[in-house]
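Engineer: here you go, sequence then predicted model.
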Amino acid sequence: MMENPVFNREFRTRLRSRKTRAIRLAVGIPAALIIIVSYYQLIAAMCREVRTECGEVWVVASFLQLLVICFIVPGLTANAISQEKEQRTWGLLLITRLSAWQIIWGKLVARLMPIPILMIAFVPFQVYSAVASGMPAYQTVGTYVILLACVFFFAAQAFFWSWAFRRTSVAISAAYGTVFFFTVGTLIIEGLAQLTRTGPERMSFLMRVNPFFVLGSLLDESDMKTLHDAIQAAGIMSAIYVAAGVILLLVMKHYLDRSRTE
Amino acid sequence: MIKTVNLRKEFGPLVAVDDLNLEIGEGDIFGFIGPNGAGKTTTIKMLVTLLRPTSGTACIDGIEIGKDFREVRPIIGFMPDFFGVYDDVKVWEYLDFFAAAYRIPKDDRAGRIDEVLELTSLTVKKDAFVEELSRGMKQRLCLAKTMIHDPKVLFLDEPASGLDPRARVEIKELLKKLRAMGKTILVSSHILPELADFCNTVGIIEKGRLIVAGDVRKIMEEVSGGKVIEIRVMDGAKKAHEVMAGLACVKDVKALDGVLRAQFVGTLEDQSSILASLVTAGVKVLSFAEEATDLEDIFMKVTKGIVS
């Protein structure tokens, strides 16, 4: 397998970084507490063997993970390239023999390493919740499809802004602005549109790209008529997110291959 | 080795590099001189493929950089004037990263790293973190990084910038070693006396235009209008002035405080005949020496200080 020196360096410095210890503690301690509390709840639910409680726990854990993804993922990649430009190492990197994909994937994958670890911490917990509550496969699989699609798209768009802008602060603002648009902005626009809309309620296109709404629809068993809609929405949202992320990365690759200029 | 034909770079209405025609032979050490904002860094960035020229062409070792930038990058090394280093990385890790980035085989990397560390006298700092190094050491580390893939051509933009005198001497000695290794080097610097010490060719650029380029000695002679001979006399300055003014090889004579400065164009024989003429005329000569014209004089004469 071809070595990726960008990945190796990013991974090594992330593990070693002395400067971000405070940040790692600020994020790690609450995350650890959440996991500990969640596992406590799981064990308590196991002892009580309450089916509905396990189902609710799955829902809460899924939304919690989605929230963590929205807050953490953009911050992980939004300074990937802008930081190199600010510290004047980007030009030195560009004139090496590294391919565009090596630079892009090396940075992206190394920076997203904490996320799978975080999600894996929830897996035993969620597997038990799903089995104990008798949750159908489409809901469990669908949940992870949505979460992974969000990780990929939020990371890719933040990475794109990091490449597009010279300043990290601007890239971070653009990255979180994009996340805000998809999570809150779509709700606001939909709410305003609802005021002017007449006729029966239906899921508008904007809501199909809101991950909280789509996840909620997928996990809501109260209305079976919308079940087909919910599965379709999850599939469409994930496809749009993945496609958008891939397009952004391809645009970056195109420009890096074509000119490789600062 | 390096050839540019009408190389041009525009940033909107600003013409940073104006139809530059440059030719640097293999093994040459080319001093690229110019005031601030003259276009030196822009030219270097185009040659190392970090900036696309607006028009014109440039070739390095026969490879046209506009068409085959991937082919040219393995054979060039670039040391920018302002460069950063990665935090939380040790010296050998920093070099190992760039060695891998230039696709040096893993088995060869350790040896190559040791070689460049020894060349730049940084062996003792191999396991130190990069951010702990002094400015001079970081500069040497950057030069080590530039050399890690053994490029044929080096582009050094202000390599001695911001260094104390001792560190500048160390960099200069390093560049002499590189010259001895047969590298073709283009170095831009404001510290002109040091450039003259190890450059065999120079080019002076101002406002994007190359004003003069070529062999250092020839340019010095051309621009200064030949050599300048400084003569100190005990007395008879007026007589000395008359004697020299009558010689065909002396273009101009100026006298100040018992010191005569003669603008001379001729051979070594003509030069010795001046002294002979003075002695024959009974002038008591205290000293007779060719004045060292340095690059700073040339620079001040050639440029107009427009950009600064």
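Structural biologist: Right, received. Where do you want to start?
Engineer: any regions of the stretch 1-150 of chain A where pLDDT drops low?
Structural biologist: The stretch 1-150 of chain A contains residues with pLDDT under 70 at A:1-2, A:17-20, A:42, A:45-47, A:49-54.
Engineer: how about the residues of it by chain B?
Structural biologist: Taking CB under 8 Å from any CB of the partner chain as the criterion, the stretch 1-150 of chain A approaches chain B at residues A:3, A:5-6, A:8-9, A:12-13, A:16-19, A:86-89, A:91-98. For the C-beta atoms, the positions are set from N, CA and C on the backbone; glycine is no exception.
Engineer: could you pull up phi and psi at B:Lys152?
Structural biologist: Main-chain dihedrals, B:Lys152, degrees, to the nearest 10: phi -80, psi -30.
Engineer: now do B:Ile76
Structural biologist: Per degrees, to the nearest 10, the backbone of B:Ile76 is at phi -120, psi 150.
Engineer: and the stretch 51-200 of chain B, which residues reach chain A?
Structural biologist: Checking the stretch 51-200 of chain B against chain A by CB under 8 Å from any CB, the hits are B:51-52, B:69-70, B:73-74, B:76, B:78, B:80, B:82-89, B:93, B:96-98, B:100-103, B:106, B:145.
Engineer: now these: which count as buried?
Structural biologist: With burial judged by 16 or more other CB atoms under 10 Å in any protein chain shown, the buried subset of these is B:51, B:69, B:73-74, B:76, B:78, B:80, B:83-89, B:93, B:96-98, B:100-102, B:145.
Engineer: mind pulling the model confidence for the nearest residue to B:Val216 once chain neighbours are set aside?
Structural biologist: Closest residue to B:Val216 apart from its sequence neighbours, by CB to CB, 6 or more residues apart in numbering or on different chains: B:Val202 at 5.3 Å. pLDDT, B:Val202: 88.
Engineer: whichever strand or helix holds B:Val202: how far from the chain's middle?
Structural biologist: If you go by DSSP states H and E, B:Val202 is part of strand B:201-206. Counting by CA atoms, centre = their mean, to the nearest Å, strand B:201-206 is centred 8 Å from the centre of its parent chain.
Engineer: now do the helices in the stretch 101-250 of chain B.
Structural biologist: Assigned by DSSP state H, counting those that start in this stretch, the helices in the stretch 101-250 of chain B fall at B:106-119, B:135-147, B:165-180, B:192-198, B:216-224, B:237-245.
Engineer: what helices or strands is the first one leaning on?
Structural biologist: The helices and strands touching helix B:106-119, judged by 3 or more CB pairs under 8 Å, 6 or more residues apart in numbering or on different chains; DSSP states H and E, are helix B:91-101, helix B:135-147.
Engineer: can I get the ones you listed in CSV with distance to B:Ala255 and mean pLDDT?
Structural biologist: Below are these laid out as CSV (distance: least, CB to CB, whole Å; pLDDT from 0 to 100):
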stretch, distance to B:Ala255, mean pLDDT
helix B:91-101, 58, 94
helix B:135-147, 45, 90
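Engineer: can I get those in a markdown table with distance to B:Asp215?
Structural biologist: Below are these laid out as a markdown table (distance: least, CB to CB, whole Å):
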| stretch | distance to B:Asp215 |
| --- | --- |
| helix B:91-101 | 34 |
| helix B:135-147 | 26 |
